Structure formats: structure tokens, C-alpha cells
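Asker: model this:
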Amino acid sequence: MTTTTHTATPSLLTDLNLLLKTRLSLLVVFSAMMGFAMAGGALLSGSAIILFLGGFMTTGAANILNQVLERDFDVLMHRTQMRPLADKRWKASSAVLLAGLLLLAGITLLGMFNPATALIGTISTILYAFVYTPMKRFSPVAVFIGAIPGALPVLIGWLAATGSISLEALLLFGVLFFWQFPHFWAIAWLSFEDYARGGFYLLPTREQDSTSAFHVFAWGLPLIPISLAFGYFYCTGWGGALLAAVFSLVYIVLAFRFWRLQTRKSALAVMFASFAHLPLVYIVLLLDNVI
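Answerer: Just a heads-up that it's a prediction; the model follows:
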């Protein structure tokens, strides 16, 4: 008697979750909501709901387009080979149609605030999907390009609330911009072999070497002066600025430890610290600003 093993086909909801990269999209929207709140927008309001939906749809569209363009490479990597497009459960044309509808709806919602909010949302999508995504296969410079759309959501939130960009908005952008480098390179280090299977060499030197590890540490250093600048320029009180600087210091110390050890365990510490660092910094800055 023979036994046949059947692999369950992922549900539509599972596929949509993978296509939209829901957790990543929610982190992006969180940044936009923090920018909105820091600018004086009410989080418990109809405007906040519109921003949330517009930001989520726009980000989801960019993530889908990313997977359309990388579907032939995703199938080569363990971490991505079961994505709907890589596994051929979805046709590229269907995914492009979904992305187009989401992008149209998302930009329309963002445009309800003002043209600048919709414009930055559109630029962010274009940079991520059509500049960062193809560049990843050719140069580590892609990480720097990707950090721009990665940090733009906080400006989108600020613009939605005020219609203009201030020094405080630029400082919030700076936090998100520099936070990404230790975060992303720690992941690139941990998944180096898997990324290599897909032809992606995203570490600064394209290798797991001391210089790449140093960059993980060095590019996090600006987070301390940026955090202190919130207090210096009276964007928030010194209490929030100092707490943000302390959180940044912990993040950087772990990145320094990774540079010295260059072990999987130390890289994991940087990655997990990054998950805590960003929300903690934004929350203490917001609370200090409100109080």
C-alpha cells in the first residue's frame, strides 16, 4: 500500500497576504501615521482612516509590482519560492491588474488631502518598484536608493496633516532613512546565501566581510545626533529627544558588537533591535510632543 502526500494549496487570503507583504506594509503605514500624528493630525478620525487605507493600498501595490519583476528570481530562493507569482499560482497579468487598481485607489485617497501627498506617494511607488527593484541585481547602491521610498511615508503622513514640510518632518525622515541600513544589512547578512541563489548581493561590499559589517555600524551613527536635534531645535522636549537618543545608542551598540563579532547571533540581535527601535523612538517623540 502506498501513501500519497498532498501539499495543501495556499488560500486566496494567504496569497494576498504574501503579495501585499502585509507586515511590511503595516510597518510602512505605521510610519505615515506617526508623521500624521506628530504634525497634529488626530489618529481617531476619518482623515486617519483615509491615510491608513491610502498608504496601505499604495504600499501594497508597490510590493506586488516588486514581486512581478522578481518572480523569476524569487523561485530560486528558499524564503521566496512559495510566493504566488514565483510558484505560478498567480499570473503576472493578474498581479499587475491588482497592483494597478490598488495604486489608483491609494493615490486617489492620498490626493484627498492635497496634491503633494499624492505626488510623494506616487514618487515613492515608482522609486521602489521601478528603480530600487531592478537595481538590486546590479549594485549594492540599490539599498541607498530603496532607503528613500522607505523613509518617504513619514513625510506623506506629515503632508497629509499640514500640506507642507518642516524641519521636524525632515528629522523624522532622517530617523527612518538611517534606521534602515543596520536593519536591512543585518537581514542581508543573515540571508546572504539565499539572496546569492537569486543573484542578489546586497551587502555594501557584496560579501560577508569586515567592511560590510562596519557599514552596519557606521550608518546607524547619525541616529544619535538626529534624535538630539529634536530637542535642540525645539521640535519636541529634551525628554523625548534624550530617550530617542538612548534607544538609538542601544541599537548602535548592538551594531558595533556585530561588527566586532560578525556572527549570526550578533546579526540577529541587530535585526530584532531594529524591530523595537523604530516604534519606540517614534512613540516617545510623539508622546513628548503631545505632553
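
Asker: where does the protein dip in pLDDT?
Answerer: Residues of the chain meeting the criterion pLDDT under 70: 1-8.

Asker: list the buried residues for the longest helix seen in it?
Answerer: Counting by DSSP state H, the longest helix found in the chain is helix 46-74. Buried residues in helix 46-74, defined by neighbour count with 16 or more other Cβ atoms under 10 Å: 48, 51-52, 54-71, 73-74. Glycine gets a C-beta too; all of them are placed from N, C-alpha and C.

Asker: likewise for stretch 87-106?
Answerer: 87, 89-90, 95, 98-99, 102-103, 106.

Asker: near residue 78, how many other residues are there?
Answerer: A count of nearby residues for residue 78, using other Cβ atoms under 10 Å, gives 11.

Asker: can you tell me the SS state at the residue nearest to the spatial centre of the chain?
Answerer: Residue closest to the average C-alpha location in the chain (Cα atoms, centre = their mean): residue 150, at 4.7 Å. For residue 150, the assignment made with DSSP: H, G, I helix; E, B strand; the rest coil gives helix.

Asker: what sits against the residue lying closest to it once chain neighbours are set aside?
Answerer: Leaving aside its sequence neighbours, residue 150 sits nearest to residue 180 (Cβ to Cβ, 6 or more residues apart in numbering; 5.2 Å). By Cβ atoms under 8 Å, 6 or more residues apart in numbering, the residues touching residue 180 are 143, 146-147, 150-151.

Asker: same question, residue 157
Answerer: With Cβ under 8 Å, 6+ apart, residue 157 has these contacts: 31-39, 41, 51, 55.

Asker: next SSE after the strand or helix carrying residue 251?
Answerer: Taking DSSP states H and E as the criterion, the element that holds residue 251 is helix 238-261. Per DSSP H and E, the first helix or strand lying C-terminal to helix 238-261 is helix 264-290.

Asker: may I see the buried residues of that next one?
Answerer: 266-271, 273-274, 277-278, 280-286, 288-289.

Asker: and if you look at stretch 35-44?
Answerer: Result for stretch 35-44 [16+ other Cβ under 10 Å]: buried residues 35-39, 41.

Asker: and those as a markdown table, adding distance to residue 111 and secondary structure?
Answerer: A markdown table is the format used below for the buried residues of stretch 35-44 (distance: Cβ to Cβ, whole Å; DSSP: H, G, I helix; E, B strand; the rest coil):
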| residue | distance to residue 111 | secondary structure |
| --- | --- | --- |
| 35 | 17 | helix |
| 36 | 15 | helix |
| 37 | 21 | helix |
| 38 | 22 | helix |
| 39 | 18 | coil |
| 41 | 16 | coil |
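
Asker: nearest to residue 197, of those residues?
Answerer: residue 35 (36.7 Å; Cβ to Cβ).

Asker: I'd like to know which elements the longest helix of the chain is packed against.
Answerer: Here helix 46-74 touches helix 12-20, helix 22-38, helix 92-111, helix 115-126, helix 133-135, helix 141-162, going by 3 or more Cβ pairs under 8 Å, 6 or more residues apart in numbering; DSSP states H and E.

Asker: of all those, which lies closest to residue 211?
Answerer: Of those, nearest to residue 211 by Cβ to Cβ is helix 141-162, at 14.5 Å.

Asker: for that closest one, which positions count as buried?
Answerer: Buried-residue list, helix 141-162, by 16+ other Cβ under 10 Å: 142-162.

Asker: now stretch 188-207
Answerer: Those buried within stretch 188-207 under the rule 16+ other Cβ under 10 Å are 188-192, 194-195, 197-198, 200-204.

Asker: just the ones of those in helices?
Answerer: Short answer: these in helices (DSSP H) are 188-190, 192, 194-195, 197.

Asker: return the member of those residues nearest to residue 136.
Answerer: Closest to residue 136, out of all of these and judged by Cβ to Cβ, is residue 195, at 9.1 Å.

Asker: my read: residue 174 touches residue 226, true?
Answerer: Yes. Contact status for residue 174 versus residue 226: in contact at 4.6 Å, counting by Cβ atoms under 8 Å.

Asker: more neighbours: those two, which one.
Answerer: residue 226 (23 against 18).

Asker: report the contact partners of the more buried one.
Answerer: 171, 174-175, 178, 248.
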